[in-house]
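just coords:
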């Protein structure tokens with residue numbers, strides 16, 4: 001266990017170094033181009049989610065990342081604005097994009113990895129406050145061109161830090177062997193089942209999120225996605241839903257303590273990065289640690305943008321509970337995937353989301 005914790009700490013340090021490097025680049029870009037602080041959040045979200053997918057990537061996968069990530073990051077800006085202006089249409093497009101990214105797994109490991117890359121900016125769209133920001137903070141949000149540039153910068157920062165770590169660090173990344181693909185006898189195929197489950201869970205999450213939580217609908221949708229991603233069967237989805245809710249509860253208590261202490265401004269930003277580092281370190285042990293860290297970090301972020309984060313914490317927990325329940329319901333009752341027939345090649349990489 002001690003050796004695992006040390007290795008986890010090393011990997012977390014690499015990821016956070018890349019995150020801070022991209023954040024610094026975005027900070028310089030913000031000042032030079034007169035952008036909004038939103039660009040900093042996007043840089044952190046993309047780098048954080050990208051790092052785990054690139055740790056053992058070969059040159060071909062990295063070239064694909066450099067094409068796909070900036071393109072989908074730019075497209076996600078249009079999608080975010082579509083959701084803000086035409087909620088139902090934007091929600092339908094978002095749901096379809098997530099479902100397609102899962103459905104294409106049937107075409108092999110390369111398609112699975114491409115689908116994972118396609119979802120990263122969509123997950124970032126839920127993490128970046130966007131329409132959930134206070135009205136005074138919504139002007140001047142990052143445009144599609146700057147968003148694509150941040151996507152490319154995230155790729156560069158991750159590759160640089162991980163490459164230096166492999167060359168000079170104590171450990172090198174070790175790629176796991178691709179498991180043999182086994183034809184499934186399930187009809188519809190597991191990828192189709194998981195795509196339909198994801199679509200159903202996210203679609204209802206959009207509807208209930210808007211109805212019950214108004215501008216805070218991303219909490220419901222994000223949880224519905226996270227709990228259902230990498231679906232290994234009914235028990236797996238239930239476990240992740242419970243872990244996310246438990247972690248979010250602990251994160252809520254931590255955020256309440258921070259709010260009571262009156263930490264704000266630059267101190268809150270420094271604390272947010274510290275919390276993320278610890279959450280990354282402990283995440284391989286149990287997903288609840290990551291959920292707790294992300295809940296606390298997002299509360300600090302919303303407080304930085306002027307929202308009453310402490311007042312919103314109970315609402316966040318309610319949204320997470322609803323999203324978890326929706327993902328569990330779709331996995332259990334809509335074309336469930338038997339665990340014994342779910343191969344590793346059909347499982348997506350779990351994202352670093354909220």
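Now that the structure is in, tell me what you want to look at. Since the structure is predicted, the reported quantities are computational estimates derived from the model, not experimental observations.

can you tell me how far residue 151 sits from residue 97?
Going from residue 151 to residue 97 by CB to CB, to the nearest Å gives 16 Å. Any C-beta I mention is one placed from the backbone N, CA and C, and that applies to glycine too.

quick one: which of the two has more around it?
residue 151 (28 against 18; other CB atoms under 10 Å).

what are the ranges of the helices in the protein?
Ranges of helices in the chain, per DSSP state H, are 2-33, 38-54, 59-85, 87-103, 109-127, 144-168, 190-213, 217-228, 234-261, 265-282, 287-304, 309-333.

by contact count, what packs against the fifth one?
Using 3 or more CB pairs under 8 Å, 6 or more residues apart in numbering; DSSP states H and E as the contact definition, the elements that helix 109-127 packs against are helix 38-54, helix 59-85, helix 87-103, helix 217-228.

of all these, which lies closest to residue 282?
helix 38-54 (14.6 Å; CB to CB).

Does anything pack onto that closest one? Which helices or strands?
Counting by 3+ CB pairs under 8 Å, 6+ apart, helix 38-54 packs on helix 2-33, helix 59-85, helix 109-127, helix 144-168.

Take the ones you listed and write them to JSON lines, including mean pLDDT and distance to residue 222.
Formatted as JSON lines, the helices and strands packed on helix 38-54 follow (pLDDT from 0 to 100; distance: least, CB to CB, whole Å):
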{"stretch": "helix 2-33", "mean pLDDT": "91", "distance to residue 222": "19"}
{"stretch": "helix 59-85", "mean pLDDT": "88", "distance to residue 222": "13"}
{"stretch": "helix 109-127", "mean pLDDT": "85", "distance to residue 222": "4"}
{"stretch": "helix 144-168", "mean pLDDT": "92", "distance to residue 222": "19"}
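
Outside of stretch 193-200 itself, list whatever touches it.
Contact partners of stretch 193-200, identified using CB atoms under 8 Å, 6 or more residues apart in numbering, comprise 95-96, 98-100, 102-103, 105, 186, 188, 225, 228-229, 231, 327, 330-331, 334-337, 346.

So how do I select the buried members of the residues you listed in PyMOL?
Only the buried entries of the contacts of stretch 193-200 go into this PyMOL selection, using 16 or more other CB atoms under 10 Å:
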select buried, resi 95+98+99+102+103+105+225+228+229+231+327+330+331+335+337+346
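
And residue 87, how far from residue 80?
Distance, residue 87 to residue 80, by CB to CB: 11 Å.

what does residue 333 give?
31 Å.

Which one's more surrounded, these two?
When neighbours are counted by other CB under 10 Å, residue 333 and residue 80 differ, and residue 80 comes out ahead with 24 against 11.

so how far is residue 165 from residue 211?
From residue 211 over to residue 165 the distance is 46 Å, taken as CB to CB.

What sits closest to residue 189 if chain neighbours are left out?
Closest residue to residue 189 apart from its sequence neighbours, by CB to CB, 6 or more residues apart in numbering: residue 106 at 5.8 Å.

now do residue 124
Per CB to CB, 6+ apart, closest to residue 124 is residue 45, 3.9 Å.

can you count the residues close to that neighbour?
25.

Check whether it really touches residue 122, as I assumed.
No - the pair residue 45 and residue 122 does not pass the contact test of CB atoms under 8 Å, sitting 10.9 Å apart.

The helices and strands packed on helix 38-54: which one's closest to residue 255?
Comparing those by CB to CB, helix 109-127 comes nearest, at 15.7 Å.

Now do the closest one and helix 217-228, the angle between them.
150 degrees (axes from the mean of the first three to the mean of the last three CA atoms, to 10 degrees).

so where's the stretch 251-354 of the chain uncertain?
By pLDDT under 70, the low-scoring segments of the stretch 251-354 of the chain are 305-310, 339-354.

Apply 80 and report the result again.
252, 255-256, 258-265, 298-299, 301-313, 337-354 (pLDDT under 80).

I figured residue 212 hits residue 323, correct?
No - using CB under 8 Å, residue 212 makes no contact with residue 323, being 11.0 Å away.

between these two, what contacts are shared?
Residues touching both residue 212 and residue 323 by CB under 8 Å, 6+ apart: residue 220.

who's more crowded, these two?
More crowded of residue 212 and residue 323, by other CB under 10 Å: residue 323, with 31 against 14.

I figured the more buried one hits residue 219, correct?
Yes - under the criterion of CB under 8 Å, residue 323 makes contact with residue 219 at 6.9 Å.

Need the residues touching each of these two.
Shared contacts of residue 323 and residue 219, defined by CB under 8 Å, 6+ apart, are found at residue 209.

still on that earlier bit, if you count what's nearby, which of residue 211 and residue 165 comes out ahead?
More neighbours surround residue 165 than the other of residue 211 and residue 165, with 21 against 10 (other CB under 10 Å).

contacting residues around the more buried one?
If you count contacts by CB under 8 Å, 6+ apart, then residue 165 has 10, 14, 171 around it.

Give me the buried entries from those.
residue 14.
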